[in-house]
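Undergrad: next one to model:
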Amino acid sequence: MFRERQTPADIATSEKPAASIKLVKLLAGEGLAPSVAEAQRLIAQGGVRVNGERVSDVRCELGSLAGEEALIQVGSRKFLHVVFK
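TA: Model prediction:
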């Protein structure tokens, strides 16, 4: 699966309110990064993707609209599907 760069079938799903949330706080809060500072470092080094696109701005925000979805990938093995309600 990882060698062929496929998305795993059993990705954890998290529901969040339809309000704007900073990506670094989301990563730290969901356990994809141990702290906000580590999440900032991961983003700056290019290790975070949202919906397949690499994120390079540590001030990135997600979830301003209800019904919006995001697939977050940290490194090559950590995935999270976020649904904003």
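
Undergrad: excluding sequence neighbours, find me the nearest residue to the spatially most central residue of the chain.
TA: With the centre of the chain defined as its mean C-alpha position, the nearest residue by Cα atoms, centre = their mean is residue 72, 3.1 Å away. Closest residue to residue 72 apart from its sequence neighbours, by Cβ to Cβ, 6 or more residues apart in numbering: residue 80 at 4.7 Å. (Each C-beta comes from the backbone N, C-alpha and C, glycine too.)

Undergrad: gap between that neighbour and residue 58?
TA: 18 Å (Cβ to Cβ, to the nearest Å).

Undergrad: give me the phi and psi angles of the residue nearest to residue 72.
TA: Dihedral pair for residue 80: phi -150, psi 130, per degrees, to the nearest 10.

Undergrad: wait, it touches residue 51, no?
TA: No - applying Cβ atoms under 8 Å, one finds residue 80 not in contact with residue 51, separated by 11.9 Å.

Undergrad: neighbour count winner among those two?
TA: Taking other Cβ atoms under 10 Å, residue 80 and residue 51 do not tie; residue 80 has more neighbours (18 against 11).

Undergrad: spit out the contact partners of that one.
TA: Applying Cβ atoms under 8 Å, 6 or more residues apart in numbering to residue 80 gives the contacts 11, 12, 13, 14, 30, 32, 71, 72, 74.
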